[in-house]
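Student: Any chance you can model this:
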Amino acid sequence: MSEVKKFRVTGEIKKGLKHIPFSVEVTALKKEHALERIYAEMGSRHRARQFEIKIKDVQESAAETAQAKA
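Tutor: Residues are numbered from 1 along each chain as shown. From the prediction side, this is the model:
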């Protein structure tokens, strides 16, 4: 059975001339699943298309630190 991990994803959303930075922590089985979740959430929350979302870094984080900032 696979273990669920926490990933911290940082990047920015480009909307018009603005660049909105974000750092979000999500739970997923794999890094690819975490990226798909970020694209879905940021697209829903900010009405951003996938080409407007730039992922800068994906790190597996410790289970104790659970913060979300967007």
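Student: all strands for the chain, in order.
Tutor: Using DSSP state E, the strands of the chain run over 5-15, 18-28, 53-61.
Student: For Ile38, find the nearest of those.
Tutor: For the strands of the chain, the distance to Ile38 is smallest for strand 5-15, at 5.0 Å, taking CB to CB. Glycine gets a C-beta too; all of them are placed from N, C-alpha and C.
Student: and the closest one, which strands flank it?
Tutor: strand 18-28 (antiparallel), strand 53-61 (antiparallel) (DSSP bridges).
Student: Quick check: the closest residue to Gln50 other than its chain neighbours vs Glu12, distance?
Tutor: The spatially closest residue to Gln50, leaving aside those adjacent along the chain, is Tyr39, at 5.4 Å (CB to CB, 6 or more residues apart in numbering). According to CB to CB, to the nearest Å, Tyr39 and Glu12 sit 13 Å apart.
Student: what residues are shared contacts of the two?
Tutor: Residues touching both Tyr39 and Glu12 (CB atoms under 8 Å, 6 or more residues apart in numbering) are Ile53.
Student: Name the residues linked to the nearest residue to Lys56 once chain neighbours are set aside by a beta bridge.
Tutor: In this structure, Lys56 finds its nearest non-sequential neighbour in Gly11, 4.6 Å apart by CB to CB, 6+ apart. For Gly11, the beta-bridge partners are Phe22, Ile55 (DSSP bridges).
Student: returning to what we had before: just checking, the residue nearest to Gln50 touches Glu52?
Tutor: No - using CB atoms under 8 Å, Tyr39 makes no contact with Glu52, being 10.2 Å away.
Student: circling back: mean neighbour count added to the strands paired with strand 5-15, as TSV?
Tutor: Shown next, in TSV, are these (neighbours: other CB atoms under 10 Å):
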stretch	mean neighbour count
strand 18-28	15
strand 53-61	13
